[in-house]
Every structure is written in C-alpha cells, then in structure tokens.
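**Q** Using only what follows, build the 3D model:
(chains A and B)
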Amino acid sequence: MPGENQENHECMKQEWVDLIDKKLQGTWAEADQVKWEEYSRNPDFLELQKELASFSETFQWAERKERKAFLKGLSNETKSNRKPWWAVGIIFVLLGLTIWIIYQYEPTESSNPSEAIAALYPPPTNTVYPRMRGRKSLDTIEQAFHHYDSKEFDKAYALFLREGSFQTSMELRFYAGVSALYANMPDAAVEMLTPISQSDHTRKYAAMFYLSKGYLDLQKPSKATALLITLGEIESPYQNRAASALNRIKSQN
Amino acid sequence: MDIATIEDTYQDAIIAFIEALEKGAYDPVKSSEQTYLFSIARYMFYKKAKQKTREFSEISDSVLDQTVAEFSLEPKDATSRRLLTALEKLDARCRQLLKAFYYQKYSMDEIAEQLGMKNRNVVKVSKYRCLERIKKIMNV
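**A** Next up is the predicted model:
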C-alpha cells in the first residue's frame, strides 16, 4: 500500500530516535539489539543514526566557529585604523600582561589551609529540597537534604550514595560532593565534584570553588590555586570569593 | 609566514587551549597555563611550516600532537558539514536543547530543569520536534 510504504520510509521515527539515543548514552539493553538489526535494514535509519552520532562533534565545531568569530572580531577591532605591526605588538603586550598576572598568582606547594581560608568556604545553601517536596519517589533524597540542612554531612552523604540519583543528576551530585567535603572525605568530594567542574552545568563554578577546598584539604594547594585562578578570571558569583581565597593562600606563604 | 597566518594560528591555539581546559586535558600540576598555551601555539606554527618541533618544554610532542590533531575549524565529512549548516539555521531554543542532550550529555530531567520545561516527557517530545526541524532544513 502506498500509505504504508510512505510510513515505512519516513525519515524520522520516535522509536528510532529513542533506540539510537539509548545506544549513544550507553543504556543499551540486549533486547534492543533485535530491534536495531531490524531497523538497520532501512537506509533512512542508518542515515539518522549517523547524523545523531555526529551531533556531539558538530556542536564542538559550532562552538569553535563562534569562538573563532569572536577572536577575529577582537582582532579586527584592534587593527582598524592601525598598521598591521601594531596588532602584533598589542598581542605581545597582552600576552606579556597575562603572564605577569599569572605569575602574580603562581602557586607554591607549601601553602596550607587554615581556619581563615576555611571561613571562605561556608557550605552552600540547599536550594533543591523545597522543589522536591511532594515527589513520592524522592523520600531518601528528602532525608538526605534534611541531614544536609542539619549539618549532619556524613549522614547526608551516605543517603545520597545509597539513593544513587547523583549518577544521573549533576545537581544531586553537587550536594553529594559538598556533603562528602564537610564530612571530611575530601577524596570522595573531589571524585564527585570534578565531573561537574568540567561540564557546562549551572553548578560548574560552584563545583570548581568547592573542589578547590577539596584539594586544599588533600594538601594539594597547586591544584586548588589553579582552580581559583581560573575562577577569578570568570565573571560568576564565585569570582570575588576565589580572589579572596587566593589572597589568603598567598598571605600564608 | 605572513602576519595574517600568525594571527590566525594564535587564535586557533587559544581555542584549542580553552577546549583542553574544558575537557580536563590540561593538568595544572604538569605545566603552567602560559607554558601549555605557548606550546600549543608553537606546535601549530611548526605544523604549518611543516617542520619538526624542537622539544624544549616539559610537554611532550605526543600530547600536543593529540591536542592539535583534533583541532580543525571545518568538519571533514559531508554529514557533519550539512549538520553544521543546518544547526546554524535552527532556532536558538532547539539548538540549546539538542546541545544539552547530545553535546553536554545532560539527562532529560536536568534539561527540563534548566530550560523550564514541565518534565522529561516534554523534553523528549520537544527534542523529537527539533530533530524533525533540523531534518527538514537539511533536506531543503
């Protein structure tokens, strides 16, 4: 039948997309293999699979293009009404300035966290729990946040771990990491917070900030300082706090 | 090497450096930011001039080779080129949603929270519609 035929040749099918997403996300089940083999006979499915698999790289290129355009724009602005060697001169001056700034904050291995530095790292306020009220399946998470608010961080961390949602939610992973940090488990905190600090999640900068405390607790001041320098250069709620923490570390040396 | 090429290479080096920071490929313990950035730039210059690098920094050429080899401004295969063109024509909201899912690897629940959507099912349906849109753009 022509209608049936057309339907079979539709390029986009929700089922196809779901199946390909599962494969890309690594949530592939054995039963999916049968479907995959069946769909793979259709060239449209194979094309869709190729396209979805290329998305990640394509977004990377899109971002590169944006960044390149931004840098070119900056460069053109600098060059307008000036001779080319001026632009080169300015680049060298800017690079020199960057090096000087970085050297100002050059970390030393001997720095040690003190109470003064610890005071700069109050536990972040729980902004998740109120939004979770009324959700039936999140009882354990509610309990975890209850302990978190009561500053019983070891109990909170144990519950976050037991519940397991931190594996799929960066938000919960953040609180699990912070709980570990204040429960004096800096190794666990670093493990929890690192992926968030390397992502584009809204908690990225907060994760970087608390990760720096994790490294200080682990007696790895150079790693902490590197994070704080990066944070100090980015406009975020943690910019000033990062600068203060850096100053404290420097003043202790 | 002319000034335009020098400028172009420096811009590429800065972008490659930012990506290394984002991917966690840069290790602040092994080298400072400026060493890493200059090493990438130097390596790119040598590559362009088709000369062998002289190893005078603590970062090995194999590390730099990986960073620089992965760097290009235009996709090489046709599918990615078509996708890139289509992505640029897609509306911002759809682009944001697809980026969050396929590039930033956020879960449906996280995307729902970030984009202010009711739940993961709304995200799923919206994502499917966005994919249909991009497919249409690609087939025009």
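
**Q** CA only for contacts and neighbour counts going forward, please
**A** Fine.

**Q** Skipping adjacent residues, who's closest to whatever residue of the stretch 151-253 of chain A ends up closest to chain B in space?
**A** Nearest to chain B in the stretch 151-253 of chain A, going by Cα to the nearest Cα, is A:Gln198, at a distance of 5.7 Å. Once flanking residues are discounted, A:Gln198 sits nearest to B:Glu22: 5.7 Å by Cα to Cα, 6 or more residues apart in numbering or on different chains.

**Q** What's the separation between that neighbour and A:Ser197?
**A** Note on B:Glu22: its distance to A:Ser197, by Cα to Cα, to the nearest Å, is 9 Å.

**Q** Name the residue in the two with the higher neighbour count.
**A** Between B:Glu22 and A:Ser197, counted using other Cα atoms under 10 Å in any protein chain shown, the more crowded position is A:Ser197 (24 against 14).

**Q** and the closest residue to that one other than its chain neighbours, how many neighbours?
**A** The shortest distance from A:Ser197 to any non-neighbouring residue, by Cα to Cα, 6+ apart, is to A:Lys204 (4.6 Å). Using other Cα under 10 Å, A:Lys204 has 18 other residues around it.

**Q** what does the model give A:Lys204 for pLDDT?
**A** Reported pLDDT at A:Lys204 in the predicted model: 89.

**Q** before we move on, what about B:Phe101?
**A** 90.

**Q** so what's the backbone phi/psi at the residue nearest to it when sequence neighbours are not counted?
**A** What sits nearest to B:Phe101 in space, not counting adjacent residues and going by Cα to Cα, 6+ apart, is B:Ser107, at 6.8 Å. B:Ser107 has phi and psi values of phi -80, psi 160 when expressed as degrees, to the nearest 10.

**Q** Please look at B:Ser107 and B:Leu97 and confirm they touch.
**A** No: contact criterion Cα atoms under 8 Å: B:Ser107 and B:Leu97 do not qualify, at 11.0 Å.

**Q** which one of those two has more residues nearby?
**A** Taking neighbours as other Cα under 10 Å, B:Ser107 and B:Leu97 compare with B:Leu97 leading, 23 against 18.

**Q** so is that one in a helix, a strand, or just coil?
**A** For B:Leu97, the assignment made with DSSP: H, G, I helix; E, B strand; the rest coil gives helix.

**Q** Starting from the lowest-mean-pLDDT helix or strand in chain B, tell me the next helix or strand along the chain.
**A** Lowest on mean pLDDT, DSSP states H and E among the helices and strands of chain B sits helix B:61-69, with a mean of 61. Next helix or strand after helix B:61-69 toward the C-terminus (DSSP states H and E): helix B:78-89.

**Q** who touches that next one?
**A** A:50-51, A:54-55, A:57-59, A:61-62, B:74-75, B:95, B:134, B:137-138 (Cα atoms under 8 Å, 6 or more residues apart in numbering or on different chains).

**Q** Just the buried residues from those, in PyMOL please.
**A** Of those, the buried ones go into a single PyMOL selection, burial set by 16 or more other Cα atoms under 10 Å in any protein chain shown:
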select buried, (chain A and resi 51+54+55+57+58+59+61+62) or (chain B and resi 75+95+134+137+138)
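
**Q** Can you tell me the centre-most residue of chain B?
**A** In chain B, the residue lying closest to the centroid (Cα atoms, centre = their mean) is B:Glu19, at 6.4 Å.

**Q** Enumerate every residue touching it.
**A** Contacts of B:Glu19 by Cα under 8 Å, 6+ apart: none found.

**Q** Quick check: mean pLDDT of the helix or strand where it lies?
**A** Element membership for B:Glu19 (DSSP H and E) is helix B:3-23. Helix B:3-23 comes out with an average pLDDT of 81.

**Q** Can you give the domain ranges for chain B?
**A** B:3-69, B:78-139 (automatic domain parsing).

**Q** closest one to A:Trp36 among those domains?
**A** Judged by Cα to Cα, the one of the domains of chain B that comes nearest to A:Trp36 is domain B:78-139, at 18.8 Å.

**Q** So A:Pro123 is in contact with A:Ala180, correct?
**A** No: A:Pro123 lies out of contact with A:Ala180 (Cα under 8 Å); the separation is 11.1 Å.

**Q** So which of these two has more stuff around it?
**A** Legend: neighbour count by other Cα under 10 Å for A:Pro123 and A:Ala180, higher for A:Ala180 (27 against 17).

**Q** do you know how far the more buried one is from A:Ala226?
**A** In terms of Cα to Cα, A:Ala180 sits 22 Å off from A:Ala226.

**Q** Ok, B:Thr9 next?
**A** 26 Å.

**Q** who has more neighbours, these two?
**A** Taking other Cα under 10 Å, B:Thr9 and A:Ala226 do not tie; A:Ala226 has more neighbours (22 against 19).

**Q** which SS state does the nearest residue to that one once chain neighbours are set aside fall under?
**A** Of all residues not flanking A:Ala226 in the chain, B:Pro28 sits nearest, at 6.3 Å (Cα to Cα, 6+ apart). Put simply, B:Pro28 is coil when judged by three-state DSSP.

**Q** number of nearby residues for B:Pro28?
**A** If we define neighbours as other Cα under 10 Å, then B:Pro28 has 17 of them.

**Q** And for B:Val140?
**A** Neighbour number of B:Val140 under other Cα under 10 Å is 6.

**Q** Repeat that for B:Lys99.
**A** If we define neighbours as other Cα under 10 Å, then B:Lys99 has 19 of them.

**Q** do B:Glu113 as well
**A** By other Cα under 10 Å, neighbour count at B:Glu113 equals 14.

**Q** swap in B:Tyr36?
**A** B:Tyr36 has 22 nearby residues by other Cα under 10 Å.

**Q** Now the helix or strand hosting A:Ala243: buried residues?
**A** According to DSSP H and E, A:Ala243 maps onto helix A:239-252. Using 16+ other Cα under 10 Å as the test for burial, helix A:239-252 gives A:239-246, A:248-250.

**Q** Appreciated, that's everything.
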